[in-house]
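> Got a sequence here, can you model it:
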Amino acid sequence: MFDRIHVLSIVLSVLACIFLPVYITSLRKKLVEKIIFYLSLLVMMNIFVWMGLEWAAGTFDLKSHLPLHLCRVANILLPVMVISGNKTIYNVLYYWSLSGIFQALITPDLLQTFPHYHFFRFFITHNMLIFVILLYSKHKKIRPTKAGIWIALFYMNIFLLVVFVVNTFLGSNYFWIMEKPSTASLLDYLGPWPWYILWAEFVALLHFGAAYMPVLIEKRFINRRNRKKFNNFSEFYPYYIYQHQVFMNRFLHNVGSTIVLLLLFTAFIANKYLLILMCPIVGYSFAWLGHYFIEKNKPATFSFPLYSFIGDWVMLIDSLRGKDFNKIICKFRVNEKI
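I've put the predicted structure just below:
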């Protein structure tokens, strides 16, 4: 299901997540806390009401209706996080909701459309979960941590092992680890079973990294007065190359950029538009590997996202032309007195 209603619901949800927390947190503190608490209860009860309705209708099935998908567990844990203020649960739910669950919104396992009950159930389960976590973050003035990425990945794998045992016992397919869902999803591009599970681990890690990006962007704006300023791209480019002095770092950047071009070409030629979602993940993963493990510096993307994006492509072109980057680096050192 990916019709106009679905797209509209995603657009409205994104706008709500951006603007409503700003308004709500301007209200009285106790009122905001009540709103967060009751919304978290609504998200949790949505799961149990659905299970109760399936039971009452005589359609409840242990293979389908237990709370053993990632989003359902997150729904149940949400009020626990709100009541306890536990930072570990907060980090886990933040990364789970803004990565895998966001992916579920784009490629939902949903056959019904508006105004069917399951349409509302699905979007309360996913959209409202993300909204409450963002509202909670804004109100409490807390942010997820880098270490939280690994914590979320660890608990996701613990969950995966538990669900695998349950699936083996019941013959079910919770968490889609026994076979891929019948509806279109990112898993369709990750190979056959069981290899898509292994690749999904790497995709999840990249998603968690992408979910941390808003925190880095926020830090960037907080510290923007202290950052170096450039009047135009021509002034910025020598600095950009200086941040990529090591050949292998530039090579990884160029590999990532080339794969992005191939993905875009394939997406439009084969009408596989979901491949476009992989472009920023693939491009930045190669670049950040180069920075963190080879160059061992901070990517310029975090301080100059637009110029750095342009710089990636200019550096690829210059590499193909055989440009001498050492001259640019030496000239920059002289000008900056490094």
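> what about the closest residue to K87 other than its chain neighbours, is that helix, strand or coil?
Spatially, and ignoring its direct neighbours in sequence, K87 is nearest to I142 (7.3 Å; CB to CB, 6 or more residues apart in numbering). (Glycine included, C-beta is placed from N, CA and C.) Following DSSP: H, G, I helix; E, B strand; the rest coil, I142 is assigned to coil.
> and the gap between I142 and Y90?
Look at I142 and Y90: by CB to CB, to the nearest Å, they are 7 Å apart.
> again, but for L205
For L205, the distance to Y90 - CB to CB - is 19 Å.
> So L93 sits against V73, correct?
No. Assessed by CB atoms under 8 Å, L93 is found out of contact with V73, at 9.5 Å.
> Let me see the domain layout of the protein.
As assigned by automatic domain parsing, the chain contains the domains 4-221, 227-336.
> Poorly predicted segments of the stretch 101-250 of the chain, please.
Counting by pLDDT under 70, the ranges of the stretch 101-250 of the chain that qualify are 101-113, 184, 220-228.
> Tell me how many other residues surround M81.
By other CB atoms under 10 Å, 22 other residues sit near M81.
> isn't it right up against N91?
No. Shown here, M81 and N91 do not form a contact pair, counting by CB under 8 Å, at 9.8 Å.
> Which of L205 and Y90 has more residues huddled nearby?
Counted by other CB under 10 Å, L205 and Y90 do not tie: Y90 has more neighbours, with 23 against 19.
> With only the CA atoms kept, save stretch 116-135 in PDB.
Extracted in PDB, the C-alpha atoms of stretch 116-135 (Å, rounded to 0.1, in the frame of the first residue of the first chain):
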ATOM      1  CA  HIS A 116      -9.900   1.000   7.700                       C
ATOM      2  CA  TYR A 117      -9.200   0.300  11.400                       C
ATOM      3  CA  HIS A 118      -5.800  -1.300  10.500                       C
ATOM      4  CA  PHE A 119      -4.800   1.900   8.700                       C
ATOM      5  CA  PHE A 120      -5.200   3.900  12.000                       C
ATOM      6  CA  ARG A 121      -3.700   1.100  14.100                       C
ATOM      7  CA  PHE A 122      -0.600   1.100  11.900                       C
ATOM      8  CA  PHE A 123       0.000   4.800  12.000                       C
ATOM      9  CA  ILE A 124      -0.600   5.000  15.800                       C
ATOM     10  CA  THR A 125       1.900   2.200  16.200                       C
ATOM     11  CA  HIS A 126       4.600   3.900  14.100                       C
ATOM     12  CA  ASN A 127       3.900   7.600  13.700                       C
ATOM     13  CA  MET A 128       2.700   8.300  17.200                       C
ATOM     14  CA  LEU A 129       5.700   6.400  18.600                       C
ATOM     15  CA  ILE A 130       8.100   8.600  16.800                       C
ATOM     16  CA  PHE A 131       6.200  11.700  17.700                       C
ATOM     17  CA  VAL A 132       6.100  10.900  21.500                       C
ATOM     18  CA  ILE A 133       9.900  10.200  21.500                       C
ATOM     19  CA  LEU A 134      10.700  13.500  19.800                       C
ATOM     20  CA  LEU A 135       8.300  15.300  22.100                       C
END
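> shift numbering so it begins at 43
Happy to do that; since the first residue is 43 now, the last one works out to stretch 158-177.
> buried stuff in it?
Neighbour-count burial for stretch 158-177, counted by 16 or more other CB atoms under 10 Å, picks out 161, 163-177.
> Stretch 104-123 too?
Buried residues in stretch 104-123, counted by 16+ other CB under 10 Å: 107-117, 119-121, 123.
> could you pull out the helices for the stretch 43-192 of the chain?
46-66, 71-98, 112-126, 129-138, 144-148, 159-165, 171-182, 188-212 (DSSP state H, counting those that start in this stretch).
> want to throw these into TSV with distance to T343?
Shown next, in TSV, are these (distance: least, CB to CB, whole Å):
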stretch	distance to T343
helix 46-66	22
helix 71-98	33
helix 112-126	29
helix 129-138	20
helix 144-148	21
helix 159-165	32
helix 171-182	23
helix 188-212	16
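> what's the most buried one of these?
Highest mean neighbour count among the helices of the stretch 43-192 of the chain (mean count of other CB atoms under 10 Å): helix 129-138, with a mean of 23.
> Not counting residues beside it along the chain, what's closest to L229?
Of all residues not flanking L229 in the chain, K222 sits nearest, at 4.7 Å (CB to CB, 6+ apart).
> Please determine how far that neighbour is located from F275.
For K222, the distance to F275 - CB to CB - is 43 Å.
> more neighbours, these two?
Each of K222 and F275 has its neighbours counted (other CB under 10 Å); K222 has more, 17 against 14.
> and the more buried one, what does it touch?
Listed by CB atoms under 8 Å, 6 or more residues apart in numbering, the contact partners of K222 are 229-230, 235, 238.
> give me the element K365 is part of.
Assessed by DSSP states H and E, K365 sits outside every helix and strand.
> can you check T308 too?
helix 289-311.
> Determine the set of other helices and strands touching that helix.
In terms of contacts (3 or more CB pairs under 8 Å, 6 or more residues apart in numbering; DSSP states H and E), helix 289-311 is packed against helix 320-331, helix 347-362.
> and among these, the most buried is which?
The most buried one of the helices and strands packed on helix 289-311 (mean count of other CB under 10 Å) is helix 320-331, showing a mean of 19.
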